[in-house]
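Undergrad: structure, please.
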Amino acid sequence: MITAYLLRCTTRPAAFFLRSCSRPFAHRHAALSIMAHPDPRHQENDDKRDENAQKVWLNETSETAVQETAVQEEMREGDRSMMHFRTTPQRHPLNVPKTWKNPMQNHVWNTEEIEERMKALPTHTPETWTDKAMHFLVKRVLYNGFNWITGFDKTNPTARSCAWRLIILESVAGVPGMVAAGMRHFRSLRTLRRDYGWIHTLLEEAENERMHLLVCLKMFGAGIFTRTMVISAQYSMVGFLSLTYLVNPKALHRFVGYLEETASQTYFDLIKCTETPGTHLHREWNNLKAPTLAINYWKMKEDAMWIDVLKNLFADETNHRDVNHTFAMMKNDDPNPYVHKHLEDAAKAWRLEGNDSQKKK
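TA: Reported below is the predicted structural model:
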């Protein structure tokens, strides 16, 4: 019985191999017979099949040529010469929607909130010696020195000087929040303790300032000199701010609070000049449309203007001013009082997005 089973196991593969080898010869014989005695009906079907295949190939070739032409038209100069997937006709492999949305939700300002903040520009009066040192550094050294270097005239500035000023200002303003958030992150890991919600607010501040920079770059270009200034300022500011936060975190938050006071004052002056007839900014900025990036970021109306963007920039800077002056008066392990505000901002943005989607439907 065992012997019969072994013989059956050994003979079956051999038989299968012989049948497999014989099939190609049988197919070849059949093909040769058909070629020797062709059927007219088969010939007609073959001609139709070849004609259809040629049409399909021509259609695919033309579609490929159109796509390649579109790709070449969308090619960008420089190292980044590839199209972004959002501009391609193909679907993303992960089904990512082809619409931009910032993953970190910012505060969406309404007209009433902006007008309320423009009624007054509160400033902090320095009390401690660190407050006085940071106040002198920001208000006397940095602000006046920057105005003197750029030739900035706050009463009637030129559009060119303002564009250069905004790019430098926002590139620097995005550094402190990231430095402070990183320091608190490492402190939480090092001490094995909670951060009490500070990191998120500081990261949101850094991201908000970075978005300010990107919005300004949508309107104004940055030359070699501007890029050199941005790189130099970043290298110097990162080291200075990191050392300051290691020694005295409150001093850094007070520094940022005073810096945001000057930024708020700058945007306030730019708004007034843009709205005042006869000024340089009114002539060059009053009729400018808001970039799409700004409209999506602040959930603005589709017909928003550049002056509306300036008002949102101003409101953001006043918020950073208040947040950092508040942090400068708190202990490092106090709970962040702005956590609930972030949740409210997210809920408000979701409601606005829901209303927009319903209107489109």
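
Undergrad: in the stretch 1-150 of the chain, what spans have low per-residue confidence?
TA: 1-104 (pLDDT under 70).

Undergrad: okay, helices next: where are they in the stretch 251-361 of the chain?
TA: Counting by DSSP state H, counting those that start in this stretch, one finds helices in the stretch 251-361 of the chain at the ranges 280-285, 292-297, 306-328, 339-360.

Undergrad: pick out the shakiest of those, pLDDT-wise.
TA: Ranked by mean pLDDT, the helices of the stretch 251-361 of the chain end with helix 339-360 at the bottom, a mean of 65.

Undergrad: residue contacts, E260?
TA: 173, 317-318, 320-321, 324 (C-beta atoms under 8 Å, 6 or more residues apart in numbering). Glycine gets a C-beta too; all of them are placed from N, C-alpha and C.

Undergrad: want to throw these into CSV with neighbour count?
TA: Below are the contacts of E260 laid out as CSV (neighbours: other C-beta atoms under 10 Å):
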residue, neighbour count
A173, 24
E317, 26
T318, 24
H320, 24
R321, 24
N324, 26
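
Undergrad: what's the closest of these to N144?
TA: A173 (17.8 Å; C-beta to C-beta).

Undergrad: need the contact list for the closest one.
TA: 209, 212, 259-260, 263, 317, 320.

Undergrad: go through those and name the one nearest T155.
TA: Using C-beta to C-beta, the contacts of A173 come closest to T155 at A263, 18.2 Å.

Undergrad: just checking, that closest one touches L166?
TA: No. The criterion here is C-beta atoms under 8 Å, and A263 misses it with L166 at 9.6 Å.

Undergrad: picking that back up, tell me the two of the contacts of A173 that are most distant?
TA: Every pair of these checked by C-beta to C-beta; the farthest is H212 and L259, at 13.4 Å.

Undergrad: show me where the stretch 51-200 of the chain has helices.
TA: 111-118, 129-135, 144-150, 159-191, 198-219.

Undergrad: so which of the ones you listed gets nearest Q105?
TA: Between these, helix 198-219 lies closest to Q105; by C-beta to C-beta that is 8.1 Å.

Undergrad: buried ones in the next helix or strand after that closest one?
TA: Toward the C-terminal end, the helix or strand that comes next after helix 198-219 (DSSP states H and E) is helix 224-247. Within helix 224-247, the residues that count as buried by 16 or more other C-beta atoms under 10 Å are 226, 229-230, 237, 241-242, 244-245.

Undergrad: got it, and stretch 210-229?
TA: Within stretch 210-229, judged by 16+ other C-beta under 10 Å, the buried ones are 210-213, 215-217, 219, 222, 226, 229.

Undergrad: which residues touch C216?
TA: By C-beta under 8 Å, 6+ apart, the contact set of C216 is 163, 166-167, 170.

Undergrad: how about JSON lines for these, with pLDDT added?
TA: Shown next, in JSON lines, are the contacts of C216 (pLDDT from 0 to 100):
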{"residue": "A163", "pLDDT": "91"}
{"residue": "L166", "pLDDT": "93"}
{"residue": "I167", "pLDDT": "94"}
{"residue": "E170", "pLDDT": "94"}
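
Undergrad: can you add neighbour count and give those residues back as CSV?
TA: Formatted as CSV, these follow (neighbours: other C-beta under 10 Å):
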residue, neighbour count
A163, 19
L166, 23
I167, 23
E170, 23
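
Undergrad: could I get those residues as a markdown table with distance to S188?
TA: Below are the contacts of C216 laid out as a markdown table (distance: C-beta to C-beta, whole Å):
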| residue | distance to S188 |
| --- | --- |
| A163 | 39 |
| L166 | 34 |
| I167 | 33 |
| E170 | 28 |
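
Undergrad: which of the residues you listed sits closest to T201?
TA: Using C-beta to C-beta, E170 is the member of the contacts of C216 that lies nearest T201, at 18.6 Å.

Undergrad: just confirm the closest one contacts L217, I think it does.
TA: No. Using C-beta under 8 Å, E170 is not in contact with L217, being 9.0 Å away.

Undergrad: if we can go back for a sec, including distance to F255 and pLDDT, could the buried residues of helix 224-247 go into CSV?
TA: Shown next, in CSV, are these (distance: C-beta to C-beta, whole Å; pLDDT from 0 to 100):
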residue, distance to F255, pLDDT
T226, 24, 90
M229, 20, 91
V230, 19, 93
M237, 10, 92
L241, 8, 94
S242, 13, 95
T244, 7, 94
Y245, 10, 95
